[in-house]
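*Asks:* after the sequence you'll find the predicted model.
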Amino acid sequence: MPAEKKNQGVAEDRPQLLGGVTSSFRFGVLTTPMGVSGVGKTTLTNVLVGRKTAKEPKKTGGYIEGDIRISGFPKNQETFARVSVYYDQTDIHSPQVTTRKS
C-alpha cells in the first residue's frame with residue numbers, strides 16, 4: 001500500500017485495483033476498454049489475457065483473486081488464447097497490412 005494511502009487511514013496491506021468487474025463480449029466483434037487515464041483499462045486487459053507487463057514492474061507482484069468465467073464456465077487460458085488477440089497500446093503496426101492480417 002502506498003504511504004500516502006496509509007497516511008489517509010487506509011488499513012489494507014495492498015490496494016485493490018479492480019473489483020466487481022462484469023462484462024460481456026460478442027464473438028467476432030472488436031471490443032476495447034475505454035475510459036480516462038488511470039481507471040484500470042490496461043490492468044483489466046492484462047488480467048483477462050493472463051499476462052503481466054514488464055512496463056508496469058510495480059504491478060507484476062500483484063494478486064488476482066476471484067475467478068474469470070466465459071459463458072459461465074471457468075476460463076481456460078489455452079482455449080482463450082486461441083480465440084482472442086491482444087494488441088498492446090505501444091505495438092507498432094504496418095499501414096500496408098490489414099487489421100485481419102495483423
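*Replies:* Perfect, thanks for sending it.

*Asks:* name the element the spatially most central residue of the chain belongs to?
*Replies:* Nearest residue to the geometric centre of the chain (CA atoms, centre = their mean): Thr45, 2.0 Å. Using DSSP states H and E, Thr45 sits within helix 41-49.

*Asks:* mind checking what helix or strand follows that helix in sequence?
*Replies:* strand 69-70.

*Asks:* for that following strand, which strands pair with it and how are they oriented?
*Replies:* strand 73-74 (antiparallel) (DSSP bridges).

*Asks:* and Val97, how far is that from Asp88?
*Replies:* 17 Å (CB to CB, to the nearest Å). (Each C-beta comes from the backbone N, C-alpha and C, glycine too.)

*Asks:* low-scoring stretches of this protein, by residue?
*Replies:* Scanning the chain with the threshold set as pLDDT under 70 gives 1, 52-62.

*Asks:* before we move on, back to that, the helix holding Thr45: how far from the chain's middle?
*Replies:* Chain-centre distance of helix 41-49: 0 Å, with CA atoms, centre = their mean, to the nearest Å.

*Asks:* show me which residues of that helix are buried.
*Replies:* Thr42, Thr43, Leu44, Thr45, Asn46, Val47, Leu48 (16 or more other CB atoms under 10 Å).

*Asks:* spit out the contact partners of the fourth one.
*Replies:* Contacts for Thr45 were tallied using CB atoms under 8 Å, 6 or more residues apart in numbering; they are Pro33, Tyr86.

*Asks:* circling back: quick one: the buried residues of helix 41-49 as CSV, columns for distance to Ala3 too.
*Replies:* Listed next are these as CSV, based on distance: CB to CB, whole Å:
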residue, distance to Ala3
Thr42, 24
Thr43, 21
Leu44, 26
Thr45, 28
Asn46, 25
Val47, 26
Leu48, 30
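
*Asks:* between these, which is nearest Thr32?
*Replies:* Among the buried residues of helix 41-49, Thr45 lies closest to Thr32 (CB to CB), at 8.6 Å.

*Asks:* now do that closest one against Asp13, distance only.
*Replies:* 25 Å.

*Asks:* and for Phe25?
*Replies:* Taking CB to CB, one finds Phe25 at 33 Å from Asp13.
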